[in-house]
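> coordinates for the following, if possible.
(3 chains)
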Amino acid sequence: MTESYDVVVCGAGPAGLAAASAAAAGVGARVALIDANAHAGGQVWRHDVRRDGARRSRAAFGSAVSWYAESQVVAATADELLIERPRGATRLRYRKLVLATGARELLLPFPGWTLPGVYGAGGLQSLVKQSWPIAGQRVVVAGSGPLLLAAAALLRRHGAHVVGIHEQVSARRLRDFGWGLARWPKTAWTAVALRTKLAGVPYRCSEFVRAAVGDERLRAVELETPAGLRRIDCDYLAIGYGLVPNVELAEVLGCRLVAGPGRHARVAVDDWQETSIANVLAAGEICGIGGAATASVEGRIAGLTAIGSRREAAALQARQRHARRFAAHVAAAFQLDPRIHGLAEPDTLICRCEDVPFGALAAFATSEGWDGRAAKLATRCGMGACQGRICGAAIVELGFRAPTATAPPLFPTRLSSLTEPFATTSM
Amino acid sequence: MNREPVQLWVNGASVVVPAGASVAAAIAQALGVGASFRRSRSGTPRAPLCGMGVCFECRVEIDGAPQQRACMTLARASMRVRTDD
Amino acid sequence: MKRFDLIVVGLGIVGAACADAASAAGLKVAAIESQRIGGGATAAAMGHLVALDDDPEELALARYSQRLWEPFAALPEAEFSRCGTLWIAREASEETAIAAKIARLAAVGIAARALDARELRRLEPELAPGLAGGLLVPGDAVVYPPNVARWLAARAQERGATLHLQRRATALTASGLALDDGTQLAGRVLVATGCALGDLLPELPMRSRKGHLVITDRYPGTVRHQILELGYAASAHGNDQASVAFNVQPRPTGQLLIGSSREFDSVDATASLPMVRRMLLRAFEFLPALRALQALRIWTGFRPTTDDGKPYLGPMPGRRDVWVAAGHEGLGVTTALGSAQLLVDLMQEREPAIDARPYFPARAVDGARPS
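Numbering: from 1, shown residues only, chains lettered A, B, ... in the order given. Reported below is the predicted structural model:
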């Protein structure tokens, strides 16, 4: 089955929603919007069952956009996508493609990180928005970045007992960051609002999690603090070290990727959100972690550009640059303490899918760096269901090349979906 | 959108969750704090980590289909969910 | 200039087996690998230890080699799993071939038994209804080839072999071999570079035959044996531009490895989704339950293929002290150990365990090509 569109938008978070509505509002283009989730909103605007967070999303497009929920892109060529849906697979032909595939949480290995009870900070936030029972539970929030505050506030709103928030940057760095927010008043206001919501929750700086402790599940966390090692009993650890762009689809399409800030790849785009591939645009987190405001304006620019409204798109560029400067401000402030890169012990698992211990990779570090492919073949690191996304991002953060290269299927896919007639030329 | 609570089965036990809840939430509700969703390759207990369908730690059997991501699946009436244990 | 008894070029499963066997026989060995040990066709391979019986000479080599694989059942790195091979006849007309197959296998000491349709479904409940029957070869096994190659190379090294890794052999010289960093090595050279044979020995015909594989998530117990359709041998020995033949393997992890496809004249390592589709549709005819399983990865590999389908094993005519071990098509893993031992026996002027003459490279260079 094939459907044809003028513009297909991959990802229905802030960037994708903005792109789809901009493209649909214009010159009668046929627009499709795809997301793997049942609801639009992506991660940051994830539909919270206790609130109508989807309101913003629903208002965005109405019936002008063909909405493909629970749809995952499996393979792609220069003019077609193969998507898997709950009951089958479909091909979408496109003239222009807008990639708004967002970001995932950076999860770094440390002793005990595989215990039930250890979640990403954004991860637990997402689970709770979809009714994970957190009321009355003791939660330690740790890691780095503004996301910790948002996650803690959300958890509290759902009745969790947030025992503390432990940020790894120093108080001084945080103060400098806070002063800098004056340039972006909206974000300063958000920060103040969050702090108000979190009144009574200890917020500590210069602290990071050394280990999660427990037998079959989490019982306590061990924190490195300026005063030494400290142990806190808890049932939940929500730990996040920032975000990593989801560039896999861009990669298989051949879009040029660049690294930085930091070590992770992002999609290179021009001022109109165009990638190095002629009919492919990109917006939001995959162009560099930048938050919802950046994603919204970039999505809009991409949508307008996709339907040829370049002048209207250009009018937004100043706003986009302003938003990106905020992103850079955040990235500069929340750089990771190098000790966090060294938490994994030799028997700490680095690849959770295949149970590969960190020490098993050491054999593949040569004087010239490390041979990711040899390590992968020998240990099976990266060969599991997550297709190297979790271990790969951790390995890149630690300064090495990811063991896996991206190839279709982009996600685990039913074999029947792979028999949907697709692509006369390989991609 | 249907706002009715959803009744489903987790490891043979009945559990009721709010409309819009994920299967992951239903499992947590049924099995309690620190519940294991699946066993890893070497048999260690695992539960959701990323909450957004990337880590695949939350895989369970849903209505006979194995290896389904619980965090990406909405709980639906009369679903039969089985964890590894 | 360093002098060796044997310089092995290429450390895929075949080269690694040769380095290991040669060092075990007391030879002073050097081994050269330009990329990764076991990282080429070996890494793409299914690792199935199977005796294909339609060519009696290949059957002899495979049988000999399978016996040499037996001790590896105790080696953890090999991940040896004796799942056996189940050959399937779709139609009653294919069934007549079964008795002949069993006889051929029995003649070389391989136990096999015929299965009727009911027994077939009993052994593999997920098979499609309506298949006529088949045969079971319970002694066949699967291994994980890249780690066996590494282990063999390491064992050779423990015996004193010198490994030159990330180095490429640029030319055969009067006394031996030149490497890309200027190193000159003297001694007998054994070229085991598979599809790249032509770089050093352009006079030997060698074609690359592209194959696809798909591996699923874990579904333990879905399939218990390696399952092949009887038409597999026709695909392997045929000369079609592109063909598929059903082949599925249960890995010890519980994942299913699905093949097989063959295409000549493609040098593009990217997976072709139309080819994967063709391969999977064939597989669904035998195992409809596959439809609902999830694929985690798709990859390709290139089988080194000679004109008559048999590997080149032995001395090169027209070259001074150059030997070959290459061209194993889809049987490289199965026949690696037998190939290595056969070559070392020839080099040390012992009678090899099987007749080596069908494998001599001279057959291809003289222009006398068997049909």
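> show me which positions of the helix-or-strand element of chain B with minimal mean pLDDT end up buried.
Lowest on mean pLDDT, DSSP states H and E among the helices and strands of chain B sits strand B:65-69, with a mean of 93. Under the neighbour-count criterion of 16 or more other CB atoms under 10 Å in any protein chain shown, strand B:65-69 has B:66-69 buried. C-betas here are computed from N, CA, C, even on glycine.
> for stretch C:121-128, give the mean pLDDT please.
Mean per-residue pLDDT for stretch C:121-128: 96.
> distance between the following helix or strand past the least confident helix or strand of chain B and the chain's centre?
Sequence-wise, the next helix or strand downstream of strand B:65-69 (DSSP states H and E) is strand B:80-82. For strand B:80-82, the gap between its own C-alpha mean and the chain's C-alpha mean amounts to 8 Å (CA atoms, centre = their mean, to the nearest Å).
> then stretch A:34-53?
On CA atoms, centre = their mean, the centre of stretch A:34-53 falls 14 Å from the chain's centre.
> which residue sits closest to C:Ser120, ignoring its sequence neighbours?
Rather than Ser, residue C:120 is Leu. Leaving out its chain neighbours, the residue that sits closest to C:Leu120 by CB to CB, 6 or more residues apart in numbering or on different chains is C:Gly134, at 5.2 Å.
> and for C:Gly221?
C:Gly254 is the one closest to C:Gly221 (CB to CB, 6+ apart), at 7.6 Å.
> tell me how many other residues crowd that neighbour.
C:Gly254 has 15 neighbouring residues, counting by other CB atoms under 10 Å in any protein chain shown.
> give me every residue that touches it.
C:218-221 (CB atoms under 8 Å, 6 or more residues apart in numbering or on different chains).
> about what we covered before: got a list of contacts for the least confident helix or strand of chain B?
A:385, A:412, B:23, B:53, B:56, B:58-62, C:217-219, C:292, C:294.
> burial count for C:Asp307?
C:Asp307 has 16 nearby residues by other CB under 10 Å.
> got it, and the one 5 residues further on?
A total of 28 residues lie near C:Tyr312 under the criterion other CB under 10 Å.
> with the one 3 residues further on instead?
Here the count is done by other CB under 10 Å, and C:Pro315 has 17 residues near it.
> please apply the same query to C:Leu185.
Counted with other CB under 10 Å, C:Leu185 comes out at 22.
> how about the strands in chain B?
With DSSP state E, the ranges of strands along chain B come out as B:6-10, B:13-17, B:38-39, B:45-46, B:59-62, B:65-69, B:80-82.
> any chance of these in TSV with distance to A:Ser66 as columns?
Below are those laid out as TSV (distance: least, CB to CB, whole Å):
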stretch	distance to A:Ser66
strand B:6-10	28
strand B:13-17	30
strand B:38-39	35
strand B:45-46	37
strand B:59-62	27
strand B:65-69	25
strand B:80-82	31
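> just tell me which of these ends up closest to C:Leu27.
When the strands of chain B are compared by CB to CB, strand B:38-39 sits nearest C:Leu27, at 47.6 Å.
> any part of the closest one near chain C?
No: Strand B:38-39 stays clear of chain C (CB under 8 Å from any CB of the partner chain), getting no nearer than 9.9 Å.
> just to revisit the earlier point, roughly how far does the residue nearest to C:Gly221 sit from C:Thr216?
To C:Thr216, C:Gly254 is 9 Å away according to CB to CB, to the nearest Å.
> shouldn't C:Thr170 be within a strand?
Yes: residue state for C:Thr170 (DSSP: H, G, I helix; E, B strand; the rest coil) corresponds to a strand.
> what's the burial count for it?
Neighbours around C:Thr170, by other CB under 10 Å: 15.
> swap in C:Gly259?
25.
> give me the residue from the stretch 201-350 of chain A nearest chain C.
In the stretch 201-350 of chain A, the residue that lies nearest chain C is A:Val252 (9.6 Å; CB to the nearest CB).
> so that residue: helix, strand or coil?
Of the three states, A:Val252 takes helix under three-state DSSP.
> low pLDDT regions in chain B?
Scanning chain B with the threshold set as pLDDT under 70 gives B:1-2.
> try it again at 90.
B:1-3, B:85 (pLDDT under 90).
> among the contacts of C:Gly254, who's most crowded?
In those, the most neighbours by other CB under 10 Å go to C:Arg218, 21 neighbours.
> just confirm that residue contacts C:Gln255, I think it does.
Yes: because the distance of 5.5 Å satisfies CB atoms under 8 Å, C:Arg218 is recorded as touching C:Gln255.
> number of residues surrounding the residue of chain C found nearest chain B?
Using CB to the nearest CB, C:Asp217 is the residue of chain C that sits closest to chain B, at 4.7 Å. The number of residues packed around C:Asp217, counting by other CB under 10 Å, is 20.
> so it: helix, strand or coil?
Going by three-state DSSP: C:Asp217 is strand.
> what number of residues lie near residue 16?
By default, I'm working from chain A. 31.
> right idea, wrong chain: chain B
By other CB under 10 Å, the residues close to B:Val16 number 13.
> check C:Ala60 too.
17.
> following element in sequence after the one helix or strand it maps to, please.
Element membership for C:Ala60 (DSSP H and E) is helix C:56-69. For helix C:56-69, the following helix or strand on the C-terminal side (DSSP H and E) is strand C:85-89.
> what pairs with that next one, parallel or antiparallel?
If you go by DSSP bridges, strand C:85-89 pairs up with strand C:133-137 (antiparallel), strand C:226-229 (parallel).
> who touches the first one?
Spelled out, that is strand C:133-137. By CB under 8 Å, 6+ apart, strand C:133-137 touches C:50-51, C:84-89, C:95, C:98, C:101-102, C:105, C:110-117, C:119-120, C:123, C:225, C:230.
> chain center to it, what's the gap?
With CA atoms, centre = their mean, you get 22 Å for strand C:133-137.
> and the average pLDDT for the next helix-or-strand element following that strand is what?
Per DSSP H and E, the first helix or strand lying C-terminal to strand C:133-137 is strand C:141-142. Mean pLDDT, strand C:141-142: 97.
> strand C:141-142 close to chain A?
No: shown here: strand C:141-142 not in contact with chain A (CB under 8 Å from any CB), separated by at least 15.3 Å.
> what's that strand in contact with?
By CB under 8 Å, 6+ apart, strand C:141-142 touches C:46-49, C:69, C:73, C:80-84, C:226, C:249, C:251.
> restrict the residues you listed to the buried ones and give me that as a ChimeraX selection.
This is the ChimeraX syntax for the buried subset of these, where burial follows 16+ other CB under 10 Å:
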select /C:46,47,48,49,69,80,81,83,84,226,249,251
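> in a markdown table, list the contacts of strand C:141-142 along with pLDDT.
Formatted as a markdown table, the contacts of strand C:141-142 follow (pLDDT from 0 to 100):
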| residue | pLDDT |
| --- | --- |
| C:Met46 | 96 |
| C:Gly47 | 97 |
| C:His48 | 96 |
| C:Leu49 | 97 |
| C:Trp69 | 98 |
| C:Ala73 | 97 |
| C:Phe80 | 97 |
| C:Ser81 | 96 |
| C:Arg82 | 97 |
| C:Cys83 | 97 |
| C:Gly84 | 97 |
| C:Gln226 | 97 |
| C:Gln249 | 98 |
| C:Arg251 | 94 |
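> so which of the contacts of strand C:141-142 is the closest to chain A?
Checking these against chain A by CB to the nearest CB gives C:Arg251 as the nearest, at 10.6 Å.
> please tell me how far the residue nearest to the closest one when sequence neighbours are not counted sits from C:Val50.
Computed as CB to CB, 6+ apart, the closest residue to C:Arg251 that is not its neighbour in sequence is C:Leu257, at 5.8 Å. Applying CB to CB, the value for C:Leu257 to C:Val50 is 13 Å.
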